[in-house]
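>>> Make a model of this:
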Amino acid sequence: MTYEAVLAEPSQRLVARLVDTLIVGVPLATAATGIFPRETAQTVVAPIAFAAVFLVYEVVQLAIWGRTVGKRLTGIRVISADGGRLRVSQALVRSAIYALPPAARPVPVLNVLAGIFWLAEIGLLFEGNHRQALHDRAAGTLVVDVRARAAEPPVDEEPVAEEQAPEEPPVR
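As a prediction, this is how the structure comes out:
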């Protein structure tokens with residue numbers, strides 16, 4: 001059977017990112033504000049810690065399963081653009097491009113550039129036929145909806161033919 005992948009919707013991807021960001025960000029922000037003065041925790045420690053932990057969180061899960069917790073919940077998976085399994089190098093490149101801009105937050109000029117980068121990331125999802133953000137294009141990956149595949153009928157099943165009325169003999 002040749003399976004044509006169904007690309008994930010941008011809304012699925014956004015919800016997956018929000019879930020993953022909350023899973024990593026909330027505990028880190030809580031710990032940082034408990035250890036450091038609030039201002040230092042919010043402007044320096046949390047952004048850098050988030051970038052590092054999110055990078056590991058995403059690389060490990062993508063390299064092993066092709067999906068993070070958020071992607072599992074939304075029914076999407078990251079695959080190689082050639083349709084094969086995601087390679088570790090692809091997971092690393094993809095995750096690094098996405099996770100590292102928050103580490104620039106403590107530097108005012110880089111913070112602005114990181115914001116522009118995020119807008120470009122989102123905009124690229126809507127450009128082209130493959131819904132690839134910058135991190136997907138750089139890593140050679142696609143994000144697919146695995147629920148759409150599950151909804152396809154099994155290969156061996158033949159569609160049930162509708163009953164047809166008997167043909168009338170030709171009129172002469």
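>>> for the chain, which spans come out with low pLDDT?
Low-confidence segments of the chain, defined by pLDDT under 70: 1-4, 149-172.
>>> what ranges do the strands span in the chain?
With DSSP state E as the criterion, the chain has strands at 76-80, 141-145.
>>> Counting neighbours, what do you get for the closest residue in space to residue 148 that isn't next to it in sequence?
Sequence neighbours aside, residue 6 is the residue nearest to residue 148 in space, at 3.7 Å (criterion: C-beta to C-beta, 6 or more residues apart in numbering). Where you see a C-beta, it was placed from the backbone N, CA and C, and this is true even at glycine. If you count neighbours by other C-beta atoms under 10 Å, residue 6 ends up with 15.
>>> So residue 6 versus residue 101, what's the distance?
Separation of residue 6 from residue 101 (C-beta to C-beta, to the nearest Å): 29 Å.
>>> Could you do residue 94 as well?
13 Å.
>>> before we move on, the earlier item: now do the phi/psi pair for the residue nearest to residue 148.
In terms of degrees, to the nearest 10, the main-chain angles of residue 6 are phi -100, psi 120.
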